[in-house]
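Participant: Okay, predicted coordinates and the sequence, questions at the end:
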Amino acid sequence: MDPRVEKFLAVIKAKNPGENEFHQAVMEVAESLIPFIEENPKYKHAKILERIAEPERVILFRVPWLDDKGEVQINKGYRIEMNSAIGPYKGGLRFHPTVNLGVLKFLAFEQVFKNSLTTLPMGGGKGGSDFDPKGKSDNEVMRFCQSFMSELFRHIGPDTDIPAGDIGVGGREIGYLFGQYKRLRNEFTGVLTGKGRNWGGSLIRPEATGYGATYFAEEMLKTRGDSLKGKIVAISGSGNVAQYATEKVTQMGGKVVTLSDSAGYIYDPAGIDEKKLNWVMELKNIKRGRISEYAEKFGVEYFEGKRPWEVKCDVAMPNATQNEIEEEDAKMLVKNGCVCVSEGANMPSTPAAVTLFLEKKILYGPGKAANAGGVAVSGLEMTQNSMRLNWTREEVDTRLQMIMKEIHATCEKYGRKENGFINYVEGANIGGFIKVADAMLDQGVV
């Protein structure tokens with residue numbers, strides 16, 4: 001490791017002990033940016049990277065709520081307001097038992113760069129709770145969301161901080177959160193994105209992250225005169241991102257052969273077509289079942305306790321969670337002929353896996369670029385809310401495609417090497433950094 005990066009990371013680790021995911025996210029960015037900053041001393045003298053790595057505000061609160069037995073339960077609630085140099089804080093809420101301060105700081109830090117890449121005026125933030133919606137009744141989820149928003153509402157607003165959904169926070173949770181915000185503030189504003197279509201939501205928002213990651217994969221393949229048509233695609237996850245990535249890959253001529261959840265993955269060599277996908281959507285979104293049921297329904301193999309990266313594929317789309325592709329998984333993907341990895345999740349590849357992808361000249365789209373479609377359409381939802389109108393599905397999808405192409409162009413601009421190889425990690429980090437850093441310089445030491 002570059003000694004300058006090592007020195008910078010030592011300070012980060014000393015200030016943020018035990019926050020391993022945050023350390024990993026900062027290291028990955030610092031490796032790209034510190035050499036760039038050395039060549040551009042205005043950023044070094046103003047200590048821009050040090051300031052970006054320190055949240056502007058961290059909000060931590062308790063969330064008491066009553067379960068269906070009348071028992072009091074207590075969870076932790078968080079909001080990390082990371083950086084507002086180019087716009088109000090923007091980023092999702094995650095409800096999952098693994099949520100802690102380090103995880104949310106990593107996500108908020110990544111969000112700053114991701115939001116910058118979209119070209120939209122959005123700062124970076126993230127929040128959530130260690131509450132687990134799985135196995136809870138609708139009434140329990142509602143009571144938790146109402147308690148959570150009873151504290152969060154005083155820290156957010158349409159011009160301050162606009163949360164969205166993330167893992168464990170879908171349309172149901174956004175609805176309960178928005179209802180409580182409206183009750184407390186007595187106003188109907190675009191304070192949350194991912195809202196229902198009938199009350200301020202945007203068309204294409206549910207599809208946006210999965211569609212965007214697919215569009216980004218297509219753009220990467222184009223640089224080699226190729227496309228998704230005819231490609232075998234391995235997808236992890238079976239939630240919102242995985243579902244719509246599967247839909248869009250299929251529409252673009254590819255064949256998705258895997259889906260997974262925390263218990264294992266299914267392998268369907270015939271491909272997950274529209275009919276099968278509709279069944280998965282009902283299973284996951286309505287019945288809230290397990291992906292193993294797909295294997296029973298369609299007579300395919302289910303691999304318990306495993307991830308799908310051992311399956312032979314041309315394109316891999318990790319859409320589940322952080323660090324799901326480890327070095328051995330990456331080796332297996334490369335060995336089996338994978339030529340492109342487009343990340344629908346946040347930081348799903350470990351540093352060793354990323355290093356291998358770059359060494360082997362794989363088309364590797366990091367999450368902050370490849371999965372920016374979700375927050376991009378959240379930004380478009382904010383715009384529609386401000387104007388009190390709704391765009392058509394075609395108009396939103398066209399804007400999403402344009403944004404993903406612009407993100408790809410930015411990555412190509414700052415990541416193309418002399419030998420023609422595009423290092424999308426460097427391109428995304430430097431491209432996302434410059435806009436935020438220049439805004440921070442303009443605004444002084446604040």
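Facilitator: Received the coordinates, thanks.
Participant: if I pick residue 190, what's in contact with it?
Facilitator: The neighbours of residue 190, taking C-beta atoms under 8 Å, 6 or more residues apart in numbering as the test, are 158, 162, 200, 381, 382, 384, 385, 386. Bear in mind the C-beta positions are built from the backbone N, C-alpha and C, glycine included.
Participant: secondary structure element for it?
Facilitator: Assignment of secondary structure by DSSP states H and E places residue 190 within no helix or strand.
Participant: The contacts of residue 190, buried ones only, as a PyMOL selection?
Facilitator: One line in PyMOL is enough to select the buried members of these, burial here meaning 16 or more other C-beta atoms under 10 Å:
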select buried, resi 162+200+381+382+384+385
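Participant: Let me have the contacts of residue 190 in CSV, adding pLDDT and secondary structure as columns.
Facilitator: Conversion of the contacts of residue 190 to CSV gives the following (pLDDT from 0 to 100; DSSP: H, G, I helix; E, B strand; the rest coil):
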residue, pLDDT, secondary structure
158, 95, coil
162, 98, strand
200, 94, coil
381, 96, helix
382, 95, helix
384, 95, helix
385, 94, helix
386, 91, helix
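Participant: Out of the contacts of residue 190, flag the one nearest to residue 208.
Facilitator: residue 381 (9.3 Å; C-beta to C-beta).
Participant: Identify the residue nearest the closest one in space, chain neighbours excluded?
Facilitator: Distances taken as C-beta to C-beta, 6 or more residues apart in numbering place residue 202 nearest to residue 381, at 3.8 Å, with adjacent residues excluded.
Participant: Let me know the closest of the contacts of residue 190 to residue 186.
Facilitator: For those, with residue 186 as the reference and C-beta to C-beta as the criterion, the closest is residue 158, at 14.3 Å.
Participant: For the closest one, list the residues it contacts.
Facilitator: If a contact means C-beta under 8 Å, 6+ apart, then residue 158 has 88, 189, 190, 191, 382, 385, 386 as its contacts.
Participant: Likewise for residue 137?
Facilitator: By C-beta under 8 Å, 6+ apart, the residues touching residue 137 are residue 68.
Participant: Now do the same for residue 1: its pLDDT.
Facilitator: On pLDDT, residue 1 comes in at 82.
Participant: ugh, typo on my part, it should be residue 288
Facilitator: Per-residue confidence for residue 288 comes out at a pLDDT of 87.
Participant: Surely residue 256 is in contact with residue 244?
Facilitator: No. Counting by C-beta atoms under 8 Å, residue 256 sits too far from residue 244 to count as a contact (11.3 Å).
Participant: Looks to me like residue 74 is in a strand.
Facilitator: Yes. Counting by DSSP: H, G, I helix; E, B strand; the rest coil, residue 74 is found in a strand.
Participant: Spatially nearest residue to it, not counting backbone neighbours?
Facilitator: In space, residue 74 is closest to residue 64, 5.1 Å off (C-beta to C-beta, 6+ apart).
Participant: burial measure for the one you found, as a count.
Facilitator: Applying the criterion other C-beta atoms under 10 Å, we find 12 residues in the vicinity of residue 64.
Participant: unless I'm mixing things up, it is touching residue 73, no?
Facilitator: Yes. Applying C-beta under 8 Å as the test, residue 64 and residue 73 come out as touching, 7.2 Å apart.
Participant: just the contacts of residue 190 now: which is nearest residue 343?
Facilitator: Sorting those by how near they are to residue 343, with C-beta to C-beta, puts residue 381 at the top with 22.6 Å.
Participant: In three-state terms, label residue 316 for me.
Facilitator: Using three-state DSSP, the secondary structure recorded for residue 316 is strand.
Participant: beta partners for it?
Facilitator: According to DSSP bridges, the partner residues bridging residue 316 are residue 234, residue 341.
Participant: count of residues packed around residue 287?
Facilitator: For residue 287, the tally of surrounding residues (other C-beta under 10 Å) stands at 9.
Participant: whoops, residue 9 was the one
Facilitator: For residue 9, the neighbour count with other C-beta under 10 Å is 19.
Participant: for it, what are its contacts?
Facilitator: Listed by C-beta under 8 Å, 6+ apart, the contact partners of residue 9 are 23, 26, 27, 30.
Participant: and it, that one's in a helix?
Facilitator: Yes. Residue assignment for residue 9, taken from three-state DSSP, places it within a helix.
Participant: Domain map for this structure?
Facilitator: Structural domains assigned to the chain are 1-53+426-446, 57-188, 208-370, following automatic domain parsing.
Participant: Pull up the distance across the second one, start to finish.
Facilitator: Taking C-alpha to C-alpha, to the nearest Å, domain 57-188 runs 26 Å from one end to the other.
Participant: one step back: out of the contacts of residue 9, the closest to residue 354 would be?
Facilitator: When the contacts of residue 9 are compared against residue 354 (criterion: C-beta to C-beta), the nearest one is residue 27, at 10.8 Å.
Participant: Pull the contacting residues for the closest one.
Facilitator: Remark: with contacts taken as C-beta under 8 Å, 6+ apart, residue 27 is in contact with 5, 9, 351.
Participant: what's the spacing between the last one and residue 37?
Facilitator: From residue 351 over to residue 37 the distance is 20 Å, taken as C-beta to C-beta, to the nearest Å.
Participant: Between the two, tell me which one has more neighbours.
Facilitator: More neighbours sit around residue 37 than around the other of residue 351 and residue 37, counting by other C-beta under 10 Å; the figures are 23 against 14.
Participant: For that one, give me phi and psi.
Facilitator: With angles defined as degrees, to the nearest 10, residue 37 shows backbone torsions of phi -70, psi -40.
Participant: Confirm for me that it is in contact with residue 45.
Facilitator: No. With contact defined as C-beta under 8 Å, residue 37 does not count as touching residue 45 (9.8 Å).
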